[in-house]
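Peer 1: Sequence plus the predicted model coming up.
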Amino acid sequence: MKTTISYKQIWAIAYPIILGSIAQNIINVTDTAFLGRVGQIELGAGAVAGLFYYAAAMLGWGYGIGAQIIVARRYGESNYDRIGGVIGQSIYFLLPLAILMFSVVQLFGGTIFDSIMNSDNISAASTEYIQTRIFGVFFAFFNFLFRAFYLGIARTKIITYTTVLMAAVNVTLDYWFIFGGLGLEPMGIRGAALASVIAEASAFVCFILVTYFNVPHDKYQLFKLKGFNKKVFTNNIRIATPMMLQNFISIGGWFMFFLMVEHLGEMPLAVSNVVRSVYVVLLIPIMGYSSATNTLVSQVIGQGKVSEVLAVMYKTVLMCIVSVAGFVIVGFVFPDIILRIYTDDPVIISESVSALYVVCGSATLLGTAFVIFSAVSGTGKTNVSFGIEIVVIVIYLLYVFVLTNFAKPSISVVWTSEYIYAISLGGISMIFLLKGKWKNAVV
């Protein structure tokens with residue numbers, strides 16, 4: 001099984017995303033490291049409220065993936081002038097969605113946390129965080145749209161630049177806002193949220209400036225927002241809606257995981273936030289290769305090379321496994337050093353080591369599963385990928401529910417749920433691809 005797509009081409013798309021993910025994870029590492037030195041409650045609340053925010057933001061992220069698939073298909077078809085319409089019509093959906101998300105969190109965020117958490121302290125800290133953090137959803141949604149455009153046309157370096165800028169702004173402001181200084185009073189967990197909002201705003205401004213001055217507007221028909229186009233808008237929604245729901249459910253599943261862990265106590269929740277932060281670092285190459293798979297699969301189908309889809313996927317899986325292995329080895333060899341980045345509490349470090357081993361062991365499986373799963377959505381069968389995600393999340397949450405409510409195991413055993421998720425996701429996705437019913441999908 002051969003493909004005209006080379007390893008070099010895959011890497012050319014993936015590596016800017018990987019570099020961008022490294023910068024993005026500097027934000028995650030910084031927030032966790034600083035909050036880990038504020039207190040155990042803030043550390044746990046940062047995990048729960050952060051995931052609550054990302055669950056809301058994933059609606060925009062999912063729409064962006066759908067837009068990316070359409071842009072990549074138009075690019076593969078050489079219909080460049082239709083790309084601007086895809087981006088422009090997206091604004092009619094994303095702006096009202098951002099307003100809705102913002103309003104819901106501001107009006108009901110505190111009530112939601114009070115009703116689902118056992119700890120009043122963590123609930124209060126989570127509410128304080130989310131009511132500031134949610135301002136970032138406006139910038140995040142449009143950043144996702146810019147990301148969809150650049151991924152779709154395989155010009156991903158700008159994503160790296162904007163993410164590096166975002167990380168630099170966040171790191172600069174985080175310490176100042178959280179701990180105070182230079183005339184500013186310490187803000188604690190609210191300071192971490194405010195720093196992230198300003199960081200997302202800086203990335204948005206960077207995207208606008210770079211796109212306006214460095215992209216051929218006429219070729220792609222950008223910055224020419226026209227009236228509502230029902231046909232383009234409807235097609236966007238048809239492709240994007242399953243991706244939106246899929247990503248919302250995926251992050252929502254992780255949010256539910258942390259709620260179940262919170263019921264085990266404040267210490268298991270704090271440990272899980274540290275482990276989650278390390279785990280997200282392990283996902284850096286995985287997300288890069290997953291994005292590359294989405295783009296390349298959609299492009300080769302647009303070029304009429306349907307027979308190359310599986311070959312592209314296999315090549316990307318191999319590159320992903322090799323890349324992830326390096327991160328995994330570091331995690332196994334230097335667990336204490338890595339954990340001390342996030343917290344100086346010896347008890348949390350001691351409790352986190354075994355869970356870190358568990359997630360490191362699951363990383364290569366998860367990388368394989370994500371690439372295969374991204375190939376499914378890249379074919380345009382986003383309704384199928386949504387269905388797969390629902391089935392897998394149900395299996396995953398049932399496993400965690402049984403463990404946390406009946407077995408009461410150590411936190412490291414609870415994290416074995418990642419193996420269940422990876423095996424289910426990769427297995428079901430592979431079965432669908434091998435059946436070949438995706439070959440006539442229309443995007």
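Peer 2: Noted; the coordinates are in hand.
Peer 1: CA atoms for contacts and neighbours, from now on please.
Peer 2: OK.
Peer 1: Now do the contacts for residue 429.
Peer 2: 369, 372-373, 376, 385, 388 (Cα atoms under 8 Å, 6 or more residues apart in numbering).
Peer 1: hmm, try it at 7 Å
Peer 2: By Cα atoms under 7 Å, 6 or more residues apart in numbering, the residues touching residue 429 are 372-373, 376.
Peer 1: so which strand or helix has residue 122?
Peer 2: Using DSSP states H and E, residue 122 sits in helix 120-133.
Peer 1: Send me that helix as CSV with only the CA atoms.
Peer 2: Extracted in CSV, the C-alpha atoms of helix 120-133 (Å, rounded to 0.1, in the frame of the first residue of the first chain):
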residue,chain,number,x,y,z
ASP,A,120,-17.2,23.8,49.4
ASN,A,121,-13.7,25.2,49.3
ILE,A,122,-13.0,23.7,45.8
SER,A,123,-16.4,24.9,44.6
ALA,A,124,-15.7,28.5,45.7
ALA,A,125,-12.2,28.6,44.1
SER,A,126,-13.5,27.0,40.9
THR,A,127,-16.3,29.6,40.6
GLU,A,128,-13.7,32.4,41.1
TYR,A,129,-11.6,31.0,38.4
ILE,A,130,-14.2,30.3,35.7
GLN,A,131,-16.0,33.6,36.0
THR,A,132,-12.8,35.3,34.9
ARG,A,133,-11.6,32.6,32.5
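Peer 1: What average pLDDT does the helix or strand following it get?
Peer 2: Using DSSP H and E, the next helix or strand after helix 120-133 towards the C-terminus is helix 137-152. Mean per-residue pLDDT for helix 137-152: 89.
Peer 1: Stretch 258-277 now?
Peer 2: Averaging pLDDT along stretch 258-277 gives 78.
Peer 1: got it, and stretch 36-56?
Peer 2: What stretch 36-56 shows for mean pLDDT is 75.
Peer 1: Listing request: residues of this structure with sub-threshold pLDDT.
Peer 2: 1-4, 16-17, 19-29, 47, 440-443 (pLDDT under 70).
Peer 1: Residue 211: neighbour count?
Peer 2: 16 (other Cα atoms under 10 Å).
Peer 1: Secondary structure class of it, three-state.
Peer 2: helix (DSSP: H, G, I helix; E, B strand; the rest coil).
Peer 1: Report the separation between it and residue 12.
Peer 2: Look at residue 211 and residue 12: by Cα to Cα, to the nearest Å, they are 20 Å apart.
Peer 1: Equivalent analysis for residue 389, please.
Peer 2: With Cα to Cα as the criterion, residue 389 and residue 12 are 28 Å apart.
Peer 1: These two: who's more crowded?
Peer 2: Looking at residue 389 and residue 12 with other Cα under 10 Å, you find the greater number of neighbours at residue 389, namely 25 against 16.
Peer 1: Give me the number of neighbouring residues for the nearest residue to the more buried one once chain neighbours are set aside.
Peer 2: Excluding its sequence neighbours, the residue lying closest to residue 389 (Cα to Cα, 6 or more residues apart in numbering) is residue 246, at 6.0 Å. Neighbour count for residue 246, taken as other Cα under 10 Å: 25.
Peer 1: Brilliant, that's me finished.
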